[in-house]
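Colleague: Take a look and give me a structure for this.
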Amino acid sequence: MQQRNGARELGLIVATLAVLSRFVEDETLWAAAALAVVVAVAGTASILGELRPWRWPLDRVALPGIAAFVSIGTARLVDPVPWLAVAFAGSWALTSWVVSTETAPIAKSGMAASVTAARAHARSTSARLGAFALAFLGFAAIGGIIPGGVAGDGQPLRLGAFLATIVLDVAIGGLAGYRIAALRPHTPGQAVTAFYLYSMVVAPIGVLVRVLALPRLFGPAIVVLAIYVLTSLRESDEPVRFNVRLLEETGVLLLAGVAVLVVGLLVK
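Modeller: Predicted coordinates for the structure are as follows:
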């Protein structure tokens, strides 16, 4: 119950910051976004019992940080009346759910092994789905903080804004991918490698979708598709060249991605 109450309170703070950020610009906006992310990360770590920043569990605080960024960005993508109230409620619910998922206890003394395994599997599934969903929302929310950050919204991107957009793409994609990779047993070196792989996949694709100026949410969808394909390849329990099912699924997904690119270029 403490974790759930703490998650709701943390979600309320982040949602409030998101609404207030709707009425500020430039450096103040970036400061508000940074504050919301720090609040979400520090609050999640506090619920987990880790108050010292150097001991914060990165795998458990990554998604709350992305959720806070999503809250700030989406609040700026909607009209104040009446949609800002909807954005507030959505940000509160999203952040609360992510924090409660990442801070939910798994095992207790005397708990049956089957129940413990079921809870662990449920949280693993929630974290995995949450990572994909938050990656998509995060890529879309960039446009709320950087004018023109959503490809195809009709606003040109200057060099500084373009570079900032790619940096945010890399950060969101790397952290979401790392959270997915961290669901399996891993060493610190493997965690760093996972972040590097995901960020290096996201960076060139992020550049591509913005150069092509695909309409609105086509870009985020393509980037998340790339993250999903990379996840499937990384999690293959047998060599990729022998995993026929994985190769077939990857081929279908790549064809879907190409189709989205083609459609996006045709409807520009």
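Colleague: So, low pLDDT: which residues of the stretch 101-250 of the chain?
Modeller: Low-confidence segments of the stretch 101-250 of the chain (pLDDT under 70): 106-123, 148-157, 213-216, 236-250.
Colleague: where along it do the helices fall?
Modeller: 113-145, 159-181, 188-212, 218-234, 244-267 (DSSP state H, counting those that start in this stretch).
Colleague: mind giving me JSON lines with the ones you listed and columns for mean neighbour count and distance to residue 101?
Modeller: Just so you know, the C-beta spots here come from the backbone N, C-alpha and C atoms, and that holds for glycine as well. Formatted as JSON lines, the helices of the stretch 101-250 of the chain follow (neighbours: other CB atoms under 10 Å; distance: least, CB to CB, whole Å):
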{"stretch": "helix 113-145", "mean neighbour count": "18", "distance to residue 101": "5"}
{"stretch": "helix 159-181", "mean neighbour count": "21", "distance to residue 101": "11"}
{"stretch": "helix 188-212", "mean neighbour count": "17", "distance to residue 101": "20"}
{"stretch": "helix 218-234", "mean neighbour count": "21", "distance to residue 101": "18"}
{"stretch": "helix 244-267", "mean neighbour count": "13", "distance to residue 101": "26"}
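Colleague: Redo those helices as TSV? Include distance to residue 20.
Modeller: Shown next, in TSV, are these (distance: least, CB to CB, whole Å):
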stretch	distance to residue 20
helix 113-145	14
helix 159-181	21
helix 188-212	28
helix 218-234	25
helix 244-267	34
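Colleague: Residue 22: which of those helices is closest?
Modeller: Residue 22 lies closest to helix 113-145 among the helices of the stretch 101-250 of the chain, at 8.9 Å (CB to CB).
Colleague: Am I right that residue 134 is in contact with residue 63?
Modeller: Yes - under the criterion of CB atoms under 8 Å, residue 134 makes contact with residue 63 at 5.8 Å.
Colleague: Show me the domain layout of this protein.
Modeller: 1-105, 120-268 (automatic domain parsing).
Colleague: returning to that earlier point: okay, and the common contacts of residue 134 and residue 63?
Modeller: Shared contacts of residue 134 and residue 63 (CB atoms under 8 Å, 6 or more residues apart in numbering): 98, 176.
Colleague: Just read off the phi/psi values of residue 183.
Modeller: Per-residue torsions, residue 183: phi -70, psi -20 (degrees, to the nearest 10).
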